[in-house]
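>>> I'll drop the sequence and a predicted model, then ask my questions.
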Amino acid sequence: MTNEQVSAKVTELSNNAWAVANTIWTAFSKSDVGKIILPFMVLRRLDCLLENTKSQMLDAAKSISPSATPEMRDRMLYKAAGLDLKIYNIAPFTLNQLKNQDPAQLYENLVDYINGFPPFLQDVFNERFGLPAKLKKMADKDKLYGVFEKICNMDLHPNVISNLQMGYLYEDLIRKFSEAANEDAGDHFTPREVVHLIAKLLLNNDREAIQGDGIIRTFYDGTCGTGGMLSVAEEEARNINPSMIVELYGQQLTDDGYAVCVTDMLLKGQDPLRIKLGDTLKNDQHADRKFHFCMANPPYGVEWKDAKEVIEAEHKNLGFNGRFGAGLPRISDAQLLFVQHFVSKFRDDEVGGRLGIVLNGSPLFTGGAGSGESEIRKWLLESDLIEGIIGLPTDMFYNTGISTYIWILNNRKHENRAGKVRLLDASGEEFWTPMKKSLGSKRKQLNEKAVERIVELFYGSAPSPHVKDFDNQDFGYSTITVERPLKDEAGNIILGDKGKLKGKPQPDSSLRDTENVPLKEDIQAYFEREVLPHVPDAWVDHEKTKVGYEIPFNRHFYNYVPPRPLEVIDAELKALSAEIMTILTEVTA
């Protein structure tokens, strides 16, 4: 099937599902419509997948011993289903058979059908989607059978629509319903072109190693939302090597995001049990696993107060044997906690691990020397983990118009990139195109050509005004404390009379100052050149010196634009004044 045929089939089914949604917009809130149609589409797909082995599943269910463990029971039923999926359904009917039953019993029958799935899927439909309550509401409004019948008339059998197509269809509907409901889509939907860019950046470094049959690569997103990053990563990986075995893992905090992600993974043929529900910072449910690739778009500027006790205990008791050994940022922003978490998930073999993560500007520079943020940056740079940072255009995301950055981290840098950090400014007009219609705060997008250009610039060697390379130490500095002597009213220096100040000038705290000295520069030489000529009696209290790190991204790409000449401005003002006087004369005439 050609790409055009794939796209046409997805578009046809997406339009059909949208037509069904149109029948209930007036009866339900916009946010509820998507949470009705999406699980209904999943139910129909699973029903098509399981239809041919229904009798085998029912026979297997009857033959299972009452003493069998839940794990044994599930394994037998998975086998009876005859699919390479962890899925079965032991309700005594298919959805198609329900079309011929009493419509008044449809609600109860659908609840029974849902409860015929494995426990994890029952939890997804019943608790996370909250589907039974929505079905009851539909039945009460006399909308249930109409929606049910229309969706059951869609042929979603794998002979008609592949896992790849089903994945595209599901993602298309997720996007449409998010936009229609005017939801805060940025909370669980990263623009697809940004995800493609991240996936390409990660995979490009590993391109030669991932060729050949039997290659396995694992991808992990600990803030996976509805699973968009994981899906695109799989797509990009298979574009490079169609025979690659791609395993996707994730964790999501919100019920609805988790429910959509689990069902999306199931429809794509991935193991849905690799998607976990819960707070990643508080309870890492993949604590025993390491990954080849990590991807994330964690929330910006969100406090971590709810997980404070757990995180502080892990930092204090486990240090670098835990996830947060480098330090803790201020309570109001968890971004650098997520960075540390993902680094802890890197494989430590010859292949290693890589991370592509979207952050706002705060992690680049917030916090002075000695602060939690600075200590985390210090650890990342001194451990040579930062491969590069890419500045994106503003207005790229659905829920914010601020500047955002993609950080690429790698614990197995290539030899020519060791000890270096590449900054790439892709924020200029030559990289983005305006959208025909804004979606929330998203007004700009990266086209395919721009994505490929950014990847080429990030890995290429040709000089470019958009690229600057630095040594890790270029971002370090020593904050020195400059003291000046305390003097009496007569101007005499007051000497210390006890302890370590004895016989030496006492410092005047009101005159105390600090200076940031580049890490590559000798502190004494800097002090003699920049400070002593102005305050000859000053000295450095070396015991108070702290080493800090910041990455002043925008400063390195700042281009000074001189103001217009005064005579030009003066001429414009005179012209405007004359125009105003002409208008006033006409009005008063």
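Happy to help now that I have it.
>>> just for the stretch 51-200 of the chain, where's the confidence low?
Applying pLDDT under 70 to the stretch 51-200 of the chain flags residues 181-189.
>>> that one: helices as residue ranges?
Listed in chain order, the helices of the stretch 51-200 of the chain (DSSP state H, counting those that start in this stretch) span 54-63, 70-81, 95-98, 106-114, 119-123, 131-140, 144-152, 163-180, 192-204.
>>> need those helices in CSV with mean neighbour count and distance to V42, can you?
In this view, the C-beta of every residue, glycine as well, is placed from N, C-alpha and C. Output for these, formatted as CSV (neighbours: other CB atoms under 10 Å; distance: least, CB to CB, whole Å):
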stretch, mean neighbour count, distance to V42
helix 54-63, 15, 18
helix 70-81, 16, 16
helix 95-98, 18, 12
helix 106-114, 18, 11
helix 119-123, 16, 9
helix 131-140, 18, 10
helix 144-152, 18, 10
helix 163-180, 20, 8
helix 192-204, 22, 21
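>>> kindly reformat those helices as JSON lines containing distance to S371.
JSON lines is the format used below for these (distance: least, CB to CB, whole Å):
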{"stretch": "helix 54-63", "distance to S371": "58"}
{"stretch": "helix 70-81", "distance to S371": "48"}
{"stretch": "helix 95-98", "distance to S371": "57"}
{"stretch": "helix 106-114", "distance to S371": "50"}
{"stretch": "helix 119-123", "distance to S371": "42"}
{"stretch": "helix 131-140", "distance to S371": "47"}
{"stretch": "helix 144-152", "distance to S371": "54"}
{"stretch": "helix 163-180", "distance to S371": "37"}
{"stretch": "helix 192-204", "distance to S371": "28"}
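>>> now stretch 339-349: average pLDDT?
Stretch 339-349 shows a mean pLDDT of 97.
>>> with just CA atoms, put it into CSV.
The C-alpha coordinates for stretch 339-349 follow below in CSV (Å, rounded to 0.1, in the frame of the first residue of the first chain):
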residue,chain,number,x,y,z
VAL,A,339,16.7,16.0,33.4
GLN,A,340,18.5,14.1,36.2
HIS,A,341,15.8,11.4,36.2
PHE,A,342,16.3,10.8,32.5
VAL,A,343,20.1,10.7,32.8
SER,A,344,19.7,8.0,35.4
LYS,A,345,17.8,5.9,32.8
PHE,A,346,20.8,5.8,30.4
ARG,A,347,22.3,2.5,29.6
ASP,A,348,25.8,2.1,30.8
ASP,A,349,27.2,-0.2,28.1
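>>> which parts of that stretch are buried?
Of all the residues in stretch 339-349, those buried under the rule 16 or more other CB atoms under 10 Å are V339, Q340, H341, F342, V343, S344, K345, F346, R347.
>>> filter those down to the ones in helices?
Among the buried residues of stretch 339-349, the ones falling in helices (DSSP state H) are V339, Q340, H341, F342, V343.
>>> how about the third one, nearest residue that isn't a chain neighbour?
If the residues on either side of it in the chain are set aside, H341 comes closest to R323, at 5.1 Å by CB to CB, 6 or more residues apart in numbering.
>>> list the contacts of that neighbour.
D284, E314, Q340, H341, S344 (CB atoms under 8 Å, 6 or more residues apart in numbering).
>>> out of those, who's nearest V194?
H341 (20.6 Å; CB to CB).
>>> who's in contact with the closest one?
G222, T280, L281, D284, R323, F324 are the contacts of H341 under CB under 8 Å, 6+ apart.
>>> show me which of these are buried.
G222, T280, L281, D284, R323, F324.
>>> my read is the residue nearest to H341 is in a strand, agree?
No: counting by DSSP: H, G, I helix; E, B strand; the rest coil, R323 is not part of a strand but coil.
>>> so R417 versus E309, what's the distance?
As for R417, its distance to E309 is 39 Å (criterion: CB to CB, to the nearest Å).
>>> if you count what's nearby, which of those two comes out ahead?
R417 (16 against 10; other CB atoms under 10 Å).
>>> and the ones in helices among the buried residues of stretch 339-349, which is closest to P518?
Nearest member of those to P518, counting by CB to CB, is V339, at 24.3 Å.
>>> surely that closest one meets E373?
No: between V339 and E373 there is no contact, the gap being 10.4 Å when judged by CB atoms under 8 Å.
>>> mind listing the shared neighbours of the two?
With CB under 8 Å, 6+ apart, V339 and E373 have common neighbours P363.
>>> so which residue is smack in the middle of the protein?
For the chain, N297 is the residue whose C-alpha lies nearest the centre (CA atoms, centre = their mean; 1.3 Å).
>>> and it, what's its pLDDT?
Looking at N297, the pLDDT reads 94.
>>> now it: how far from T190?
Distance from N297 to T190, by CB to CB: 4 Å.
>>> overlap in contacts, those two.
G225, M229, V358.
>>> picking that back up, let's have the ones in helices among the buried residues of stretch 339-349 in CSV, adding distance to A450.
Output for these, formatted as CSV (distance: CB to CB, whole Å):
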residue, distance to A450
V339, 26
Q340, 31
H341, 30
F342, 26
V343, 28
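>>> low-confidence ranges, the protein, go.
Checking the chain against pLDDT under 70 turns up 1-6, 181-189, 497-500, 502, 589.
>>> longest helix anywhere in it?
helix 566-588.
>>> can you show me the CA trace of it as PDB?
Once non-C-alpha atoms are left out, helix 566-588 reads as follows in PDB (Å, rounded to 0.1, in the frame of the first residue of the first chain):
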ATOM      1  CA  LEU A 566      19.500  61.200  15.100                       C
ATOM      2  CA  GLU A 567      19.100  63.200  11.900                       C
ATOM      3  CA  VAL A 568      16.900  60.400  10.400                       C
ATOM      4  CA  ILE A 569      14.700  60.300  13.500                       C
ATOM      5  CA  ASP A 570      14.500  64.100  13.600                       C
ATOM      6  CA  ALA A 571      13.400  64.200   9.900                       C
ATOM      7  CA  GLU A 572      10.700  61.600  10.600                       C
ATOM      8  CA  LEU A 573       9.400  63.600  13.600                       C
ATOM      9  CA  LYS A 574       9.200  66.800  11.500                       C
ATOM     10  CA  ALA A 575       7.400  65.000   8.700                       C
ATOM     11  CA  LEU A 576       4.900  63.600  11.200                       C
ATOM     12  CA  SER A 577       4.400  67.000  12.900                       C
ATOM     13  CA  ALA A 578       3.700  68.600   9.500                       C
ATOM     14  CA  GLU A 579       1.200  65.800   8.700                       C
ATOM     15  CA  ILE A 580      -0.600  66.300  12.000                       C
ATOM     16  CA  MET A 581      -0.800  70.100  11.500                       C
ATOM     17  CA  THR A 582      -2.300  69.600   8.000                       C
ATOM     18  CA  ILE A 583      -5.000  67.300   9.400                       C
ATOM     19  CA  LEU A 584      -5.800  69.800  12.200                       C
ATOM     20  CA  THR A 585      -6.000  72.600   9.700                       C
ATOM     21  CA  GLU A 586      -8.500  70.600   7.700                       C
ATOM     22  CA  VAL A 587     -10.600  69.800  10.700                       C
ATOM     23  CA  THR A 588     -10.800  73.400  12.000                       C
END
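>>> let's number from 453 now, not from 1
Okay, using 453 as the starting number, the last item reads as helix 1018-1040.
>>> circling back to that earlier point, nearest to F910, out of the contacts of H793: which one, please.
Closest to F910, out of all of these and judged by CB to CB, is G674, at 23.6 Å.
>>> backbone dihedrals for that closest one, please?
phi -80, psi 0 (degrees, to the nearest 10).
>>> now do the contacts for it.
Contacts of G674 by CB under 8 Å, 6+ apart are G702, Q703, T732, D736, H738, C746, A748, P750, F790, H793, F794, K797.
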